[in-house]
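In: Sharing a model that was predicted from the sequence below.
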There are 2 protein chains.
Amino acid sequence: MRVEHAVRELGYIRHGAARALSMRQSHAIGAIIPTVDNATRASKVAALQKRCRERGYNVLLALFEYDLELELVQCRNLIEAGVDGLMLEGELHHPALYQLMEKRGIPFVNTAIYDPRSPHPNIGFDNQAAAARLTEHLLDLGHRVFAMIAGPNQVSDRASGRVKGVRRALAARGLDLPAERTIEGPYRVQQGRQGLRALMGGEPRPTAIVCGNDVLAFGALLEAQALGCRVPQDLSIAGFDDLDWASQLPPGLTTMALPAWEIGQLAADHLIDSIAGQTVTHSTEVEVRLILRGSTGPAPES
Amino acid sequence: MRVEHAVRELGYIRHGAARALSMRQSHAIGAIIPTVDNATRASKVAALQKRCRERGYNVLLALFEYDLELELVQCRNLIEAGVDGLMLEGELHHPALYQLMEKRGIPFVNTAIYDPRSPHPNIGFDNQAAAARLTEHLLDLGHRVFAMIAGPNQVSDRASGRVKGVRRALAARGLDLPAERTIEGPYRVQQGRQGLRALMGGEPRPTAIVCGNDVLAFGALLEAQALGCRVPQDLSIAGFDDLDWASQLPPGLTTMALPAWEIGQLAADHLIDSIAGQTVTHSTEVEVRLILRGSTGPAPES
DNA sequence: ATGAAAGCGCTAACAT
DNA sequence: ATGTTAGCGCTTTCAT
């Protein structure tokens, strides 16, 4: 009837649940991430959200605080809410989560990692390779005694991948990163400070410190300054993310820029295409860029 | 039948859309915010999400990038998705958005503002009063020439409220904040830098700068250092938020701590209680705290 | 082209 | 207590 048509003009809004029930599609994408307190992740989520909206999808957000059990619970939640697809972070998930997704046939994609040999679809970059590249830069500058202030590598394969990458690059030149020069902890400025303080109290003193991200690097930089340690003359510091302020800090932070926005966008497209039954690329690599700034320099003469 | 019961044990997950259709409740809360690239907002969203989860609700996230038209579109989207309640930010929304919510009888709450006289429910603090308090602190330190590096006050009533608060406190002492010493822009470090540079090039030079948030204050601090301007001896700088690193920056940033986590939690409770038909407090004030650190000090002798 | 009807998977009200 | 049934508002299929 044309009565309906008139009604639709005037503030009619479809009933999504009825539509979802009838169509077996909710037009919602779920995203399960550890936290949102990080600008890089925020960017990824924003891109996901924007792209989803453009293609008629809503985003359901769930946080799991690096707790794999909670992640599983959140996954069940989102499935109950009817999400048609799911964006996850990293490769390390509860086995039951993978089972659940496969059994239900819900498209999902692991992000912020790139591994073409993984059985699960992924979009991101090779954390190990990125960390290795950063380390090689420092090796080329003549550094031989390295330390790392890593992220939560017990619970994040991205964080542990970066540690492995540093180790790999060092091993290739016959060097190593001993456990006592590898600090692990949350991505907080204060953690970076404490980490640096601990490292500089040890023997031998590192001349190059790779940090798990820019927040940790910022903390390390602040503490170095507080200790009267000149960066980069006495100590080189590098991070990951290339946050807003990384270029602004004196002396400018050397860091790996990670295209978070692009990952979020690609994840949205991957999921929505996959829902539509299209074949999607299993593994997509995005480009990281090594941004050289003043916080890294030649190793001091010993 | 007891067959069902057995089935339920083994990985049965309710069909949310069917449930929503039948119960006329989706058990989803929507949140429309400008961006997520800010730690304070991230904290609010995280708290909302956590509390909602605890009470059996999911969170649908939508961003509007300070565009009121887009906010309205997102609102329609979320209504279509069936949200039972909506968390908004600030008081300034598209009139049609308010109409829509009222017409549909969907509970909503404006956050990050506190105004008991507003017709709309709100949870937060009085931005004007908070800014005034910060300004009074600077007045008490003897400052007479003020400047402000404000947030996007064309599109954010929180940002413009802070400007008004500074003006009010100054007016109470017979001082003013002229337009040429009021910079307005996005919450970016670089904006803070540029703002400070512009302000220090003017006449008379301000001795106290109130920034719309800590990110701007950080930029201002960096630029002051770059200009060889000592903080706080030559210039006092203050912000809003008390982010993670505000205490870590030398000389320590004086700032208003805003209880974002608490706001998110209260918003979740407000909405869920309201959905349950309980009477909820119309206006809830959370406490801000003035955190005094090294970036503010006595006005220089002139 | 337009209208009628079945059914999506649940909940709630009902009947046994 | 247990089982049966109507109906939520859409989409899709089928009949006119």
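Out: Perfect, I can see it now.
In: mind listing what the closest residue to chain B within the stretch 201-302 of chain A touches?
Out: For the stretch 201-302 of chain A, the nearest residue to chain B under the criterion CB to the nearest CB is A:Trp245, separated by 4.2 Å. Every residue, glycine included, has its C-beta placed from N, CA and C. When contacts are counted by CB atoms under 8 Å, 6 or more residues apart in numbering or on different chains, A:Trp245 touches A:218, B:189, B:215, B:218-219.
In: Do you know the pLDDT at it?
Out: Listed pLDDT for A:Trp245 reads 95.
In: quick one, what contacts the nearest residue to A:Ala96 once chain neighbours are set aside?
Out: Closest residue to A:Ala96 apart from its sequence neighbours, by CB to CB, 6 or more residues apart in numbering or on different chains: A:Leu72 at 5.7 Å. Contacts for A:Leu72 (CB under 8 Å, 6+ apart) come out as A:93-94, A:96-97, A:100.
In: mind showing which ranges of the stretch 1-150 of chain A have poor pLDDT?
Out: Under the criterion of pLDDT under 70, the regions of the stretch 1-150 of chain A flagged as low confidence span A:1-9.
In: From the contacts of A:Leu72, which land in strands?
Out: Per DSSP state E, strands hold no members of those.
In: Can you tell me which of the residues you listed are buried?
Out: The neighbour-count test (16 or more other CB atoms under 10 Å in any protein chain shown) applied to these identifies A:93-94, A:97, A:100 as buried.
In: so which of these are also by chain B?
Out: With the criterion set as CB under 8 Å from any CB of the partner chain, the members of the buried ones among the contacts of A:Leu72 near chain B are A:Leu100.
In: for the buried ones among the contacts of A:Leu72, which one is nearest DNA strand D?
Out: A:Leu100 (25.2 Å; CB to the nearest atom of the strand).
In: Now do the same contact list for the residue nearest to that closest one when sequence neighbours are not counted.
Out: Of all residues beyond its chain neighbours, the one nearest A:Leu100 is A:Cys75 (6.3 Å), with distances taken as CB to CB, 6+ apart. Contacts of A:Cys75 were listed using CB under 8 Å, 6+ apart, and they are A:30, A:32, A:62, A:86, A:97, A:100-101.
In: Let's have those in JSON lines, adding distance to B:Gln225.
Out: As requested, those are arranged in JSON lines below (distance: CB to CB, whole Å):
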{"residue": "A:Gly30", "distance to B:Gln225": "44"}
{"residue": "A:Ile32", "distance to B:Gln225": "41"}
{"residue": "A:Ala62", "distance to B:Gln225": "41"}
{"residue": "A:Leu86", "distance to B:Gln225": "45"}
{"residue": "A:Leu97", "distance to B:Gln225": "47"}
{"residue": "A:Leu100", "distance to B:Gln225": "52"}
{"residue": "A:Met101", "distance to B:Gln225": "50"}
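In: Mind checking which of those residues are in helices?
Out: Among the contacts of A:Cys75, the members falling in helices (DSSP state H) are A:97, A:100-101.
In: residue contacts, the residue most central in space within chain A?
Out: Closest to where the C-alpha atoms of chain A average out (CA atoms, centre = their mean) is A:Ala112, at 4.7 Å. The contact partners of A:Ala112, by CB under 8 Å, 6+ apart, come to A:44, A:89-90, A:124-125, A:127, A:158, A:258, A:263.
In: Next one: it from B:Arg41, what distance?
Out: Separation of A:Ala112 from B:Arg41 (CB to CB, to the nearest Å): 21 Å.
In: which residues sit in contact with whichever residue of the stretch 201-302 of chain A sits closest to DNA strand C?
Out: Closest contact between the stretch 201-302 of chain A and DNA strand C, by CB to the nearest atom of the strand, is at A:Ile275 (16.9 Å). If you count contacts by CB under 8 Å, 6+ apart, A:Ile275 has them with A:25, A:84-85, A:107.
In: Once you drop chain neighbours, what's closest to it?
Out: In space, not counting the residues next to it along the chain, A:Ile275 is nearest to A:Asp84; the distance is 4.8 Å by CB to CB, 6+ apart.
In: That neighbour: neighbouring residues, count only.
Out: Counted with other CB atoms under 10 Å in any protein chain shown, residues neighbouring A:Asp84 total 20.
In: Next up, phi/psi of it, please.
Out: phi -90, psi -20 (degrees, to the nearest 10).
In: right, and it touches A:Ile29 too?
Out: Yes: here A:Asp84 reaches A:Ile29: they are 6.6 Å apart, a contact under CB atoms under 8 Å.
In: anything in contact with each of those two?
Out: A:57, A:271.
In: mind checking how far the residue of the stretch 51-200 of chain A found nearest DNA strand D is from B:Ile32?
Out: Nearest to DNA strand D, among the residues of the stretch 51-200 of chain A, is A:Gly56, at 11.4 Å (CB to the nearest atom of the strand). Note on A:Gly56: its distance to B:Ile32, by CB to CB, is 17 Å.
In: okay, those two: which has more neighbours?
Out: Using other CB under 10 Å as the criterion, A:Gly56 and B:Ile32 rank with B:Ile32 on top: 25 against 9.
In: who's that one bridged to?
Out: Residues found in beta-bridge contact with B:Ile32 (criterion: DSSP bridges) are B:Ala62.
In: who are the neighbours in contact with it?
Out: Counting by CB under 8 Å, 6+ apart, B:Ile32 touches B:62-64, B:71, B:74-75, B:78, B:86-89.
In: so of these, which ones are in strands?
Out: Under the assignment DSSP E, the contacts of B:Ile32 contribute B:62-63, B:86-89 to strands.
In: TSV please, covering these and showing neighbour count.
Out: Conversion of the ones in strands among the contacts of B:Ile32 to TSV gives the following (neighbours: other CB atoms under 10 Å in any protein chain shown):
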residue	neighbour count
B:Ala62	25
B:Leu63	23
B:Leu86	26
B:Met87	28
B:Leu88	27
B:Glu89	26
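In: Tell me which two of the residues you listed sit farthest apart.
Out: Of all pairs drawn from those, the one with the longest distance (CB to CB) is B:Leu63 and B:Leu86, at 14.0 Å.
In: Report the secondary structure state of A:Gln278.
Out: For A:Gln278, the secondary-structure state derived from DSSP: H, G, I helix; E, B strand; the rest coil is coil.
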